[in-house]
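Asks: coords below, sequence missing:
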């Protein structure tokens, strides 16, 4: 089974438990852009179904497509919190995750 399908299957198995909150740790890791887009389409529907989603991922395109709020940690300390556009422009976030300005 293709890797992207396995990821979606993992989400389906988790949904079978009727969760109130789904915790996903780097669900886009190792996926192609097409596979990540397909997974995004699936995950974006979950809040509309009354299921909260908490994501941990380093794939910023994926995160900004899905999240209305980002919280960024550096060694367990919160360094930024807010709307994705603002958080990604935060100088501390840029320094910690990107090694400086782009």
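Replies: Structure received. These numbers come from a predicted model, not from an experiment.

Asks: Can you give me the neighbour number for residue 23?
Replies: Burial measure for residue 23: 11 neighbouring residues, criterion other Cβ atoms under 10 Å. C-betas here are computed from N, CA, C, even on glycine.

Asks: And the helix or strand harbouring residue 44, what's buried?
Replies: In this structure, residue 44 sits in helix 33-45 according to DSSP states H and E. Neighbour-count burial for helix 33-45 flags 35, 36, 38, 39, 40, 43 (criterion: 16 or more other Cβ atoms under 10 Å).

Asks: now the last one: how far from residue 27?
Replies: Okay, so that is residue 43. Residue 43 sits 7 Å away from residue 27 when distances are taken as Cβ to Cβ, to the nearest Å.

Asks: anything in contact with each of those two?
Replies: Among the neighbours of residue 43, those also in contact with residue 27 (Cβ atoms under 8 Å, 6 or more residues apart in numbering) are 11, 55.

Asks: re earlier: give me the mean pLDDT for the helix or strand just after the helix holding residue 44.
Replies: On the C-terminal side of helix 33-45, the closest following helix or strand by DSSP H and E is strand 52-56. In this model, strand 52-56 has an average pLDDT of 94.
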